[in-house]
Structure formats: structure tokens, C-alpha cells
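>>> Sequence first, predicted coordinates after that:
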Amino acid sequence: QALMGDFANHSPIRKEPKSLKMKWTIIIFLLFFGIEASVGQKVSAGSMLQNAIGLLDRNQEDDGLQLLNAYLIQQPNDEVALFLRAGILSNKANYLSALTDYNTVIALDEENKEAHYNRGFVKYQLGQYQSAILDFELCMQLPQVETNTAYFKIDPGTNTATGISTINSMNIDAWNYIGLCHHHLSAFESAIKAFDRGLQLDHGNTDILINRGRTFEKMDNHDMAKADYQMVLKANPEHELALLNLQRLSAAETELPDLDAFITKFPQQAMGYANRGLVHFQLEDFQAAEEDFSKSLELQPKNNEYAFGLALAKIRLDKLDEAEMLLIDLSSREPQNAAVFFNLGNIKYKHSMFQEAISYYTISIAIDDSNASFLHNRALAFYENNQIEEACHDISQAQAIEPEIGLSFKSRHCKVDAQ
């Protein structure tokens, strides 16, 4: 298959269902509240809070947030209201504001186990891995308390609920996050130890097994990685991520030695470096992929596929300016290549230049209007640009192509009949 085709659907915005991506999003439901003030009743501060909780029980998140904001102007140190607002802000990916609220909650009650857990999650999302580890560790040291709070498990690939967790599994989840934090810090031995602790509490936890397998891959211990994926498949033979990881790992292990031998024998053949770069990219070794694509492009400077592969490797290494230069040059040589404009849009999105991102996504859609990812990412850019109606229209169009895409976004930000 052509190299361009292999790379065409990669996007740094639409989250791929990979195990090392965050596995849980916290949506707060306090099931023990639900009394609302009757229509026409004078709204006191207490009934305002009850109304807000009632709205959250009915998934009316935006209206609930407005009431909580109004209530907290009157009662700025109400721990319950702050905790609820932090959860909503976290769910909306407004992690900095959520962190501020969780900091206040913990200042009011240093032994709030759930607040420490949720603050760790927010810090994880912000890339504050060392600090997140401290919160998760402290969370596990605090005593267990009775609560009716429930947490929806969210698949990072589809943003859809996959099950429900409670505080009873919080320590298991905390160990998983600690392992992920260490992984992102390249402290792989510490990550394995954390995943092991989580598996001591739940030996068949598929999330932890997948994450431990990916960490073993980073340590080049492919046998242990495959053993973890096979353990997941033993419990669930249809587990998509375990199947993909095992297939990818097995294929790469057979390809790399052959490609190494080919390059040794034919060091001036650009194709060998490009194909090895693709394998490295699939293994998420983006530094090695960049080196191989650079070499292939050095040998064949006018090869568009090699230039595109190099640009995508640089995007994954966050070398956005270098990637943009390559893609702009490519766009002049291949004006009908939708993937080039799509990834230019992704770069602008990463720079928070949303109007420019919309323009590039629009070009990619004009070239190929059958790709759900193009529409999905333009919807995100429209939303960030405060063009909600256009965002919801794009999400609906994307779902007509790929029904599972953007479900969480549409439920939170669009009317049910948005078209």
C-alpha cells in the first residue's frame, strides 16, 4: 500500500483509541440530591444549589454550570458547589479552571479523597505528571468514605461511555494513572511497578494490562508486551485494542530485521529507509521515523510521499513549524491531496489559530467530503471559534459517515435535532 495512504488518516486532534491515552473522564452525578424549587418560588441560595443539582441529574450541564456560578458568587466557599463545578469544568476539558476549584475544595477539606483523585486526573490532563502522582498517592492514603458518586468510564477513541465506576475502584484507577504518569515521564520501571500494584487489586483489569503492555514495548520487552495483550484476549477475544497492538507488534518484529538487512545491502535505496520509517511510525518511535524519512528524502528530494511521512513524524515530535513548511511545499505540488490540507489544519489547531484551521479543513473537505475525521476536526475548530451552529452541523455530517464519531461532543453542545 502507498505510503501516503498509510498516513492519510492520522490526526493529532481526533483521539485514537490507544491505551496510553487517558482512560477515564469524570462526570459527576450526586444521586442523593434532586429536590427543585417550585415554579414561582423565591429562589434562595440553598434552592439555587438544589436547582443546579437537579439540572445535572438531567444532564443539563450548561444550565447547571450557570446556576452554580451564580450560587458561588453568594457562597464562594461552598465545598459541594465547588466540587460540582470543578467536575463540570473538567468534563468540558477546561482543566485549568477545574484545577482552581479543586485547589479550593482541598484547602477547605484536606482529606477529601475524591477531590484529590479528581485533581490528580486534571493535572494528568495538563501534563503535570509529578504533581498528579502526589495527588493519586495521597488519595489512596485517605480513608474510604461512603458516597453515591458515580464515574462514567469513557473510551478515549469514541468519547462514549463504556461502563460505570465508583469510589470502590478508585485505588485501582489511581495506580493506573500513576503508571501512566511515570510512562509519560519515561520512568518505565516505575510505571511497571505502579501497573503491577493495580493488578494486585484487580488482576484482570484490561486497561492496566494494555497500558503495561505499551510500557513494555517502550522498554523493548516485546515478549512481555505480547503476554499482556494475550492475557486481555484470553478474557475478551474481541478486544479491539489488544488485537491491534498484538498484530502491530508481531508485524513490526518480522519487518524490521528484513528492512535493516535491506538497508545494509542497499544503503542508497531511499525506499528502504521510507519503509522502515513507516514501521517506526507505527511503533510510535517517531524520532527513528523522522531520521529514516529524512534520509529517504535526502536520497530522493522530490518524493512527495517521503516528504509527507517526514512531516507527520515532525508533528508527532511537536516540531510544528518544520512540519508546516514541508506541508505547504507539498500543497503546491499536490493541490488535490486532502490529507496535506487536513494536517495543515491540525497544526493551526494546535497553535490555537482556529480560523486558519477552519480554512484548511474546508479545503480538505472540498477535496474529499467522505472523510468523517475532516468534518469532526472542523467541528472542533468551529466550536473553539464560537461558531456553535456550524460545529453541530459538521458533527451531524460526520456521524452520517461514521455514526460513533463525536457522540460526546454532540450530547454536550448540540440540540438533539441539530443538522
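Happy to help now that I have it.
>>> Is it correct that Arg214 is in contact with Asn245?
Yes - look at Arg214 against Asn245 with C-beta atoms under 8 Å: they come within range, at 7.2 Å. For glycine as for every other residue, the C-beta is placed from the backbone atoms N, C-alpha and C.
>>> Would you mark the buried spots in the top helix by length along the chain?
What stands out as the longest helix in the chain, according to DSSP state H, is helix 240-265. Going by neighbour count (16 or more other C-beta atoms under 10 Å), the buried part of helix 240-265 is 241-242, 245-246, 248-249, 252, 255, 259, 262-263.
>>> Need these in TSV (columns: distance to Cys181).
TSV is the format used below for the buried residues of helix 240-265 (distance: C-beta to C-beta, whole Å):
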residue	distance to Cys181
Leu241	20
Ala242	23
Asn245	21
Leu246	25
Arg248	24
Leu249	24
Ala252	26
Glu255	32
Leu259	34
Phe262	39
Ile263	37
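>>> Where do the helices of the stretch 1-150 of the chain begin and end?
Along the stretch 1-150 of the chain, the segments classed as helices by DSSP state H, counting those that start in this stretch run 3-7, 45-57, 61-74, 79-91, 95-108, 113-125, 129-141.
>>> So for Ile388, which of those helices sits nearest?
Smallest distance to Ile388 across those (C-beta to C-beta): 10.9 Å, for helix 61-74.
>>> so how far is that closest one off the chain centroid?
27 Å (C-alpha atoms, centre = their mean, to the nearest Å).
>>> Please name every helix or strand in contact with it.
helix 45-57, helix 79-91 (3 or more C-beta pairs under 8 Å, 6 or more residues apart in numbering; DSSP states H and E).
>>> just those: most buried one?
helix 79-91 (a mean of 23; mean count of other C-beta atoms under 10 Å).
>>> which other helices and strands contact it?
Looks like helix 79-91 contacts helix 45-57, helix 61-74, helix 95-108, helix 113-125 (3+ C-beta pairs under 8 Å, 6+ apart).
>>> report the angle between the axes of it and helix 61-74?
140 degrees (axes from the mean of the first three to the mean of the last three C-alpha atoms, to 10 degrees).
>>> Other residues contacting helix 79-91?
Residues from elsewhere that reach helix 79-91, judged by C-beta atoms under 8 Å, 6 or more residues apart in numbering: 25-28, 30, 49, 52-53, 56, 61, 64-65, 68-69, 71-72, 75, 95, 97-98, 101-102, 104-105, 108-109, 112, 114-115, 118, 121-122, 125, 412.
>>> now swap in stretch 235-246 and tell me
17-19, 204, 206, 209-210, 213-214, 225-226, 229-230, 232-233.
>>> For it, what is the distance to the chain centroid?
19 Å.
>>> After the helix or strand encompassing Glu189, which helix or strand is next? Please name it.
Glu189 belongs to helix 188-201 when assigned by DSSP states H and E. Reading on from helix 188-201 to the C-terminus, the next helix or strand found by DSSP H and E is helix 206-218.
>>> Now do the buried residues in the helix or strand just after that following helix.
Where DSSP H and E defines the elements, the next helix or strand beyond helix 206-218 is helix 222-235. By 16+ other C-beta under 10 Å, the buried positions in helix 222-235 come out as 222, 225-226, 228-229, 231-233.
>>> Using JSON lines, lay out those together with pLDDT and distance to Ser364.
Supplementary listing: these in JSON lines, determined by pLDDT from 0 to 100; distance: C-beta to C-beta, whole Å:
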{"residue": "His222", "pLDDT": "90", "distance to Ser364": "36"}
{"residue": "Ala225", "pLDDT": "94", "distance to Ser364": "35"}
{"residue": "Lys226", "pLDDT": "94", "distance to Ser364": "37"}
{"residue": "Asp228", "pLDDT": "96", "distance to Ser364": "37"}
{"residue": "Tyr229", "pLDDT": "94", "distance to Ser364": "34"}
{"residue": "Met231", "pLDDT": "95", "distance to Ser364": "40"}
{"residue": "Val232", "pLDDT": "94", "distance to Ser364": "35"}
{"residue": "Leu233", "pLDDT": "94", "distance to Ser364": "36"}
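>>> Now distance to Glu324 too, for those residues, in CSV please.
Formatted as CSV, the buried residues of helix 222-235 follow (distance: C-beta to C-beta, whole Å):
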residue, distance to Glu324
His222, 35
Ala225, 34
Lys226, 38
Asp228, 38
Tyr229, 36
Met231, 42
Val232, 38
Leu233, 40
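>>> which stretches of this structure have low pLDDT?
1-46, 145-168, 416-419 (pLDDT under 70).
>>> Same question for stretch 359-372: list its buried residues.
So, applying 16+ other C-beta under 10 Å, buried residues of stretch 359-372: 359-361, 363-365, 367, 371-372.
>>> and those, which of them are in helices?
Going by DSSP H, the helices hold 359-361, 363-365, 367, 372 from those.
>>> Which neighbouring elements make contact with the helix holding Glu189?
Looks like helix 188-201 contacts helix 170-184, helix 206-218 (3+ C-beta pairs under 8 Å, 6+ apart).
>>> Tell me which residues of it come out buried.
188, 190-192, 194-195, 197-199.
>>> Specify which member of those is nearest to Asn275.
Nearest member of the buried residues of helix 188-201 to Asn275, counting by C-beta to C-beta, is Phe188, at 27.6 Å.
>>> ok, that closest one - contacts?
Counting by C-beta under 8 Å, 6+ apart, Phe188 has contacts 182, 215, 218-219.
>>> Can you say which of these are buried?
The buried subset of those (16+ other C-beta under 10 Å) comprises 182, 215, 218.
>>> between those residues, which is nearest Glu334?
The closest of the buried ones among the contacts of Phe188, once distances to Glu334 are taken by C-beta to C-beta, is Lys218, at 34.3 Å.
>>> gap between the closest residue in space to the closest one that isn't next to it in sequence and Ala323?
Spatially, and ignoring its direct neighbours in sequence, Lys218 is nearest to Phe188 (5.5 Å; C-beta to C-beta, 6 or more residues apart in numbering). For Phe188, the distance to Ala323 equals 27 Å [C-beta to C-beta, to the nearest Å].
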